[in-house]
Structures are given as structure tokens and as C-alpha cells.
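Asker: pasted the sequence and its predicted model underneath.
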Amino acid sequence: MKIVAGVGRNKNIVEASQKVDFPVELVDSEEVFADSIMEKKAQAHVRGSLNSSLVLKRMKTRYKELYRASCMEVNNKKFLLAPVGIDEGDHLLQKLQIIRLGAKFLEKLGIDPEIAIISGGRSEDMGRSRRIDGSIAQGRLLTKIIRDKYSVEHYYILIEEAIADNANFILAPDGISGNLIFRSLVLSGCAKSHGAITLGIDGIYIDTSRSLDVSGYQRALEFARYLLEKQIQQP
């Protein structure tokens, strides 16, 4: 088993690699790290504190469509949150692909997907603005399209109810919203992050924030090992 992790300005990943009970190879170059993923030089990769934009730019020379789904934990309830990349999930077809790949990932873990669609307002907020109307309408359409294949509910803006109801896959209105939810819950709030699984590649790549503490990086490394032990591969 070989796990590679990236070291940028935040050196907490180095300490985290020393706390786990399995070997971790550290690299300090975005190019070397991305090439290692594409050339499958290790069974799993954890971004650590490397620059995400530089890693993704290189990876997209091979993988044209990449999405991240963050594995989060709130009050002992674990769920995937997607999209969390700020340039992901802008369009209906992208959201459908994220749902398909995320649900497939959960199913590989033996988990039945319970999908929560989040949009920009309550149902009674229709008419307040064109942007809100569009978000709610798209949430309703997504729910209608996938309800025959997955267990799904449109929670509108009430993400707290989705978490309380044990939804295990929460779809944010777009990547910017998803990233803000992640930062609010994990970096400023009470949630734990286990890293974000990268959907759409043929390997295990756990994306992480450059702002995590030691325990956050340790959880991401342990998540990578867990997926290896379960033999979970993407896509």
C-alpha cells in the first residue's frame, strides 16, 4: 500500500503523516503530485496543502471532468457534500453527473444513497428574485429527474433539515455555495472533514483544504487508507 500526500505552505500535513500507523510518502511539487496520480505511481493520493488550482490544471490535461465530494461529519452524522470545487456544478448536466458518480461511490461502500437537493430559498420564496426562482426550479427539476432511480428529497434551502434527516449525499446549489458550506461548517464551525473524494478519475484522490489542522489531515489520510482497504476505485 502506497499513499502519497502533498506538502505546501501548511506543514500540518507533515505532522499528520507521522501520526498515522502506515507509511506516507510526501512530495512538495504540484507537478510531481499530479503526475503521480495520472501515472498511478501510488494506490492513493491526498492533496494535503498543495495548491489545488495547479494540481487540477495539470490533471485536466487527462481528465476533462473532475468533481469533488467532501466527506463530512456533523454530530456523528456522516455525509457527502458536493459540489465543493468553486467551478463545479454550474449546470444541470454537471449536477446530474455529480449525483450519478457520488451515488455510485456510496453504493460501492454498501450505502444506499439518500440524496438531499438544496436550492436557494423556501418554496414560498418563489417570485422574490429571478435568481432564487431559477435555483428552486432547477432543484425541483433535478428531484423529478432522479426520483425514479434514487431516494431523493428537495429540501430547498433547509440544509439543517437534510442533515437531521440523515441524508448521506447533499447537493449544494453550485460549487461556490458548496465551498462556503464546507468552510462554514468545517473551518469555522463544528463539523469534521474526512477529505473530499474526487469523482471522475480511475484512482483514489482525496482533496483537502490548505487550511486544515493536523487532525483534519490525519482524518483524510485515514480515509484514503479506508478506501484502499475497501478496494474502492473511481469512477
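Answerer: That came through, no problem.

Asker: which residues of the protein fall in helices?
Answerer: Using DSSP state H, the helices of the chain run over 12-19, 30-38, 52-59, 92-108, 130-146, 159-164, 175-182, 214-229.

Asker: right, and those - which one's nearest I117?
Answerer: Among these, helix 130-146 comes nearest to I117, with 4.8 Å by C-beta to C-beta. All C-beta atoms are positioned from the backbone trio N, CA, C, and that covers glycine.

Asker: what comes up buried for that closest one?
Answerer: I132, D133, S135, I136, Q138, G139, L142, T143, I146 (16 or more other C-beta atoms under 10 Å).

Asker: re earlier: tabulate the helices of the chain (a markdown table), appending distance to I86.
Answerer: Below are the helices of the chain laid out as a markdown table (distance: least, C-beta to C-beta, whole Å):
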| stretch | distance to I86 |
| --- | --- |
| helix 12-19 | 22 |
| helix 30-38 | 18 |
| helix 52-59 | 10 |
| helix 92-108 | 13 |
| helix 130-146 | 17 |
| helix 159-164 | 18 |
| helix 175-182 | 5 |
| helix 214-229 | 19 |
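
Asker: so the residue nearest the centre of the chain bridges to which residues?
Answerer: In the chain, the residue lying closest to the centroid (C-alpha atoms, centre = their mean) is A69, at 1.8 Å. Beta-bridge pairing for A69 (DSSP bridges): I197.

Asker: A164 versus that one, what's the distance?
Answerer: 20 Å (C-beta to C-beta, to the nearest Å).

Asker: go on, G110?
Answerer: 23 Å.

Asker: and these two? Which one has more around it.
Answerer: It is A164, of G110 and A164, that has more neighbours when counted by other C-beta atoms under 10 Å, with 12 against 7.

Asker: that one: what's it in contact with?
Answerer: Not one residue lies near A164 by C-beta atoms under 8 Å, 6 or more residues apart in numbering.

Asker: OK, contacts around the residue in the chain sticking out farthest from the centre?
Answerer: For the chain, the C-alpha farthest from the mean C-alpha position belongs to G127; by C-alpha atoms, centre = their mean, that distance is 31.8 Å. Taking C-beta under 8 Å, 6+ apart, we find G127 in contact with D133.

Asker: can you do 10 Å?
Answerer: G121, D133, I136 (C-beta atoms under 10 Å, 6 or more residues apart in numbering).

Asker: distance to N179 added to those residues, as JSON lines?
Answerer: As requested, the contacts of G127 are exported to JSON lines (distance: C-beta to C-beta, whole Å):
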{"residue": "G121", "distance to N179": "20"}
{"residue": "D133", "distance to N179": "23"}
{"residue": "I136", "distance to N179": "21"}
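
Asker: which of those residues lies closest to V186?
Answerer: G121 (24.3 Å).

Asker: and the helices of the chain: which comes nearest H194?
Answerer: Of all these, helix 214-229 comes closest under C-beta to C-beta, at 4.4 Å.

Asker: name the residues of that closest one that are buried.
Answerer: 214, 216-225, 227-228.

Asker: likewise for stretch 98-116?
Answerer: I98, I99, L101, G102, A103, F105, L106, P113, E114, I115, A116.

Asker: quickly list the domain ranges of this structure.
Answerer: The record's domain parsing of the chain by automatic domain parsing lists 1-66+200-235, 69-194.
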